[in-house]
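Chemist: Build me a model:
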Amino acid sequence: MHFWVNPLFLNPGPLISATLQSSIDLQNDPIIQKYGYKNVGLTRCLLTKEEMKTFYFPLQGSPNCENFVLSKCSGFITDSSPLFGLDCEVCLTSMGKELTRISLVAEGGHCLMDELVKPDFKILDYLTSFSGVTKESLNPVTTKLKDVQKLLRELLPPDAVLVGHCLDLDLRVLKMIHPYVIDTSLLYIGKQGRRFRLTFLAKVILGKDIQCPNKLGRDGIEIARTALELVQYFLKYGPKKIAELNLEALAANQEQGNKEGATNMSVLKCLDSMGQKLLFLTQDIDKLSSYRNCQTIKCSSNKEVLEQARVEVPLFPFNIVQLSFQPFPPLFAEEMKTSMKTKWTEMSTVYAGPFSKDCNVGALKKVFSSLGPVQSITLVLETYRPYFSIQYEVLEAAQLAIETMNGTLLEGSCIRVHRLVTELTLECDTLVRELEQDSENQGTIYVAGIGETFKEHLLEQSNLFPDLEAVVLPKEVKSRKQKNYCFLKFKTLNSAQVALEILKGKDWKLKGRNALTPRHLQAWLKDIHPEPAMPMGLRIVPPLLERHIFRTLKSNHPKTVAWRWSRRIEKLYHSLSPGTFCLILMPGTKNTFGAHPGLGLMKIKEEEESDIPGMRV
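Modeler: Coordinates of the predicted model:
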C-alpha cells in the first residue's frame, strides 16, 4: 500500500492552512463539548464506570469476566497519580486471541516490562506481521498469563493509571480488571464517535512516525510510550489546542491521499483503519480475524454463534455474525433458484373474470396493458364462463390491476381480479408491503401508460415536481423502443406521493403506485436460471434424481434446514436495539451446474416489528 504524506503532518500546529482554519468549528468539536476550553487534570481524563461499560472494558460483574484478575489498584486517584503505558500483542489459538507479548512503560519512557508469553492453547496463527512474534522466538518461553498477572499486581502502585490505545482489548487479553484508565482513542475522539488510529495521532500530534513498514510487526514499547506521550500532550496543552488542530480535516486529507491504495480494501480492514471496534463471531477457524480492533469469539457451533450474538452484539458498534453450513447440493441450488423465479412469475400474474362469451379479447388486452407491459394473456379453459390469465412483465403492474380493476365493470361484466393462491403466493400481501418499505423503493413510484413524449412533457412541468431526482425509462432490448412505463425517484416519500396524485390527475391520465421491485432484485431474477453447464458425457438419469431427492427429504432436506435457521436469525433480529442497521448476505453458488449470484437483505431495526422484511423473498 502506498501512503501519501501531507506536508501539514510534519508540523501540524504552525502549518495549518487557512482552509483548514476556516473550517474549524470549536463549539461543536466533540473534545470541546466533553472537556470545555480550559486545561484539565488527569482525573478529568479518566473513563467513568459508565464509559468503561459502554466501550466494553472488563468490569466486575460484566459478562465473560468471571475469571478475570483484579489489580491491586484501589488507592485514591489525584491529578499527580502515576501514568503507565500498556500494550499487548496476541496470536490466534484454538480458543481465539491469546497474549503473546506485554509491554509496560513508566512516565519518562522507562520500560518496566517487555515479556513474551506462552499461550495456554494450541497456536493457529502467530500473527507475526502484526505482533513481531515468531514460532522460534516463542518456543523457549516459559512465562504464562498467570505469571504476567502476578507481576503486574506487584509492579503497579495503588493509584496507578493505565494508558493505552483501545485499552479494553489489552485488558481483555490480559484477563485483568483495572478501574483507572485513559484510552487515547477516546481521549482524542472525533465526530460521531470516530476513533483515530494511533499512527495518525502520533504523526499529527507528536510529529512521530511509528510502526514503520520496514519493521517486523509492531513495537510494543513504542506503542506504549506513544500512548503515554499523547496523554501528557493533552494534559499540557489542553482541549482547545487539540480542537484547533482540526483532526477531522487532517484525517480527510490523509484518506484522500490513501484513496488509490484502498480501492480493494476489505470491510474488516476499512473498519480497522478507521479505528472502529468490531466483533466477529464465527466457528470457522480459517476466518478468525487478526486485526487489532477486532474482537473475535470462536464458537463450536452455529447455535453457539447465535447465543453469543444475543449477548455480545449490543456491546459493539459493528458486528459480523458468520454461520457455517455445508454447501447445498447443486441440484437443490437449482431447485431453489427455479422456485424463486416461479414465485415472482406467479406474483406477477393475475386472473380476471368472469366475462361474457362474446367479449372482445383485443379490447381486454388494451385495458390491462395500460397498467404495464403484458407478457401473455391466456384464456382459462377449465371454467364455465371465460376467465383470463394475464402475466405482466413487472410486479407493479399486476398489483395495480388487483388494486384498481377488481370489482370494475368491463365489457358488460363486473369482474374480479386476483392472484391464484399457491404455495408460493400464500403470503403475497405481506411481501408486497415489505417491498414497498425497501430502502431502494422509498420515494420511488411506478407510472404506467406513458408515451414517447412523456419525458419532454415531464421536463416542461418540472416546477410541479421540485424534488424529482431520477427518471428511469426502460427500453426493449432488441428494438430499443421505450416501454409504456417508468420509475420516478424523489427525495422524500411525501414528494413521491404528491407527484403520484398529480400524475394520476385529469391532465396526465396515467396510472401508478409505489414501486415494488428493487433494481438489484430485478437484475438477480433475470440471471437466475442459466442453462446448466453440464460436463461432457454427463447426464442425469431421472430415476436416480428422484431417489436422491427422496433420500434428502427423508433425512434432512436443506430447505427445511434453511427454514429453521431463518426462524433462529429472526429471534436474534428481534433481540436487537431499535436503530440497528442489519445486513444479511447470502452467498451464491458456482459449480458445474451453473453460477448464480447471492442476495443481500438490509433493514434498520425499528420498534414493534414482527418480521425481517425480505426474509421470505
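
Chemist: what's around Val498, how many residues?
Modeler: 16 (other CB atoms under 10 Å). (Each C-beta comes from the backbone N, C-alpha and C, glycine too.)

Chemist: Next, work out how far apart it and Gly505 are.
Modeler: Note on Val498: its distance to Gly505, by CB to CB, to the nearest Å, is 11 Å.

Chemist: now Ile450
Modeler: Taken as CB to CB, the span from Ile450 to Gly505 is 15 Å.

Chemist: Between the two, tell me which one has more neighbours.
Modeler: Comparing Ile450 with Gly505 by other CB under 10 Å, the one with more neighbours is Ile450, at 21 against 10.

Chemist: any idea of the pLDDT on that one?
Modeler: We have a pLDDT of 89 for Ile450.

Chemist: Which residues are in contact with it?
Modeler: Going by CB atoms under 8 Å, 6 or more residues apart in numbering, Ile450 touches Asn484, Tyr485, Cys486, Leu510.

Chemist: residues touching Glu436, list them.
Modeler: Counting by CB under 8 Å, 6+ apart, Glu436 has contacts Asn514, Ala515, Leu516.

Chemist: go on, Thr349?
Modeler: Ser389, Ile390, Gln391, Tyr392, Ala398, Arg419, Leu420.

Chemist: Save the residues you listed as JSON lines, and put in pLDDT and secondary structure too.
Modeler: Below are those laid out as JSON lines (pLDDT from 0 to 100; DSSP: H, G, I helix; E, B strand; the rest coil):
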{"residue": "Ser389", "pLDDT": "93", "secondary structure": "strand"}
{"residue": "Ile390", "pLDDT": "93", "secondary structure": "strand"}
{"residue": "Gln391", "pLDDT": "93", "secondary structure": "strand"}
{"residue": "Tyr392", "pLDDT": "93", "secondary structure": "strand"}
{"residue": "Ala398", "pLDDT": "93", "secondary structure": "helix"}
{"residue": "Arg419", "pLDDT": "92", "secondary structure": "coil"}
{"residue": "Leu420", "pLDDT": "87", "secondary structure": "coil"}
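
Chemist: Looking at those, point me to the pair that's furthest apart.
Modeler: Tyr392 and Leu420 (13.8 Å; CB to CB).

Chemist: top of the contacts of Ile450 by neighbour count?
Modeler: Neighbour tally across those (other CB under 10 Å): the maximum, 27 neighbours, falls on Tyr485.

Chemist: re earlier: which member of the contacts of Ile450 is positioned nearest Asn463?
Modeler: Proximity of those to Asn463 was ranked by CB to CB; the top entry is Leu510 with 18.2 Å.

Chemist: for the record, mean pLDDT for stretch 467-477?
Modeler: 85.

Chemist: now stretch 399-415
Modeler: Across stretch 399-415, the average pLDDT comes to 90.

Chemist: can you check stretch 204-224 too?
Modeler: Throughout stretch 204-224, pLDDT has a mean value of 83.

Chemist: buried set for that stretch?
Modeler: Val204, Ile205, Ile210, Gln211, Gly217, Arg218, Asp219, Gly220, Ile221, Glu222, Ile223, Ala224 (16 or more other CB atoms under 10 Å).

Chemist: Of the residues you listed, which belong to helices?
Modeler: In this view, the buried residues of stretch 204-224 that belong to helices under DSSP state H are Gly220, Ile221, Glu222, Ile223, Ala224.

Chemist: Next, find the distance separating the fourth one from Gly85.
Modeler: Distance of Ile223 to Gly85, computed by CB to CB: 8 Å.

Chemist: Quick check: neighbours shared by those two?
Modeler: Ser103.
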